[in-house]
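Q: Quick one: sequence and predicted model below, then my questions.
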Amino acid sequence: MSFVIKAERRKALGKNASYRLRCQGLIPAILYGPGVDNIPLALNKKDIISILKSDTGERTIFKIALDGQERNVMIKDIQVNPVTDEILHVDLLQIAMDRPIRVAIPVYLQGEAIGVKTQGGIVDFITRELEIECLPHLIPEQIIVDISHLHVHQSIKVADLPSQPGIKIIDDPETVIVTIGLPEAEAVTAVPAEEAVVPESPEPEVIRKERAKREQEE
């Protein structure tokens with residue numbers, strides 16, 4: 001789905017001006033990017049909510065109509081009231097479609113691990129988002145990781161992921177994405193009997209000597 005939303009330049013700045021905009025159903029925003037001076041904008045709140053609710057959410061590349069021309073942009077940052085969830089401010093990054101950009105992509109697990117199905121293991125999903133670099137039109141909606149072949153105590157790292165043409169993962173190759181472990185109670189193994197520590201008792205000869213010494217003193 002392609003979004004084109006209208007943007008207006010903001011003339012009045014500051015907290016009071018931003019509050020008045022939000023009362024009118026608008027959201028204060030800022031546009032920046034390579035070769036672009038910071039441009040204060042006002043966006044329609046409903047348009048931003050529609051983008052956030054789309055399949056690609058904040059990773060959506062859309063167009064803003066500004067000063068008679070359309071610009072490709074992406075939401076770079078969004079400020080939300082932690083109590084009311086009201087959108088307070090949006091940062092827009094202007095996108096050059098012929099230049100690579102970096103963006104965080106969610107990771108999704110696929111399949112049921114052998115270690116879970118037959119060995120009583122549990123899935124420990126460690127890294128749920130990866131940063132990639134690619135041209136804007138190659139940005140995937142998600143990174144799918146197949147875990148169906150994993151046994152207990154096995155894991156998948158970034159280095160294990162299949163390469164995708166035109167997409168570079170920025171995260172450290174040794175970053176663990178998912179591992180199959182055992183429930184905590186089962187992970188604690190008992191100490192083998194031969195390794196158990198048994199308190200040492202005094203040798204019989206030592207006991208006899210101590211008894212003889214006490215008898216002489218008495």
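A: On my side now, so go ahead.

Q: Can you pull out the low-pLDDT segments for the protein?
A: Within the chain, the stretches with pLDDT under 70 are 1, 185-218.

Q: tell me the centre residue of it?
A: Note on the chain: the residue nearest the mean C-alpha position is residue 129, at 3.4 Å, using Cα atoms, centre = their mean.

Q: Just list the residues touching that one, thanks.
A: Residues near residue 129 by Cβ atoms under 8 Å, 6 or more residues apart in numbering: 104, 105, 106, 107. Every residue, glycine included, has its C-beta placed from N, CA and C.

Q: and the longest strand seen in the chain, what does it pack onto?
A: Under DSSP state E, the strand in the chain containing the largest number of residues is strand 69-80. Judged by 3 or more Cβ pairs under 8 Å, 6 or more residues apart in numbering; DSSP states H and E, strand 69-80 is in contact with strand 26-33, helix 45-52, strand 61-66, strand 87-94.

Q: burial of residue 80, as a residue count?
A: 12 (other Cβ atoms under 10 Å).

Q: ranges for the strands of the protein?
A: Along the chain, the stretches classed as strands by DSSP E are 4-9, 26-33, 36-44, 61-66, 69-80, 87-94, 101-110, 122-125, 129-134, 143-146, 155-157, 168-169, 176-181.

Q: Quick one, which of the ones you listed gets closest to residue 16.
A: When those are compared by Cβ to Cβ, strand 26-33 sits nearest residue 16, at 11.3 Å.

Q: neighbouring contacts of the closest one?
A: Residues outside strand 26-33 that contact it (Cβ under 8 Å, 6+ apart) are 7, 10, 17-18, 21-22, 38-45, 48, 64, 66, 71, 73, 87-96.

Q: can you do 6 Å?
A: 18, 21, 38-43, 45, 48, 87, 89-94 (Cβ atoms under 6 Å, 6 or more residues apart in numbering).

Q: Noted, bye for now.
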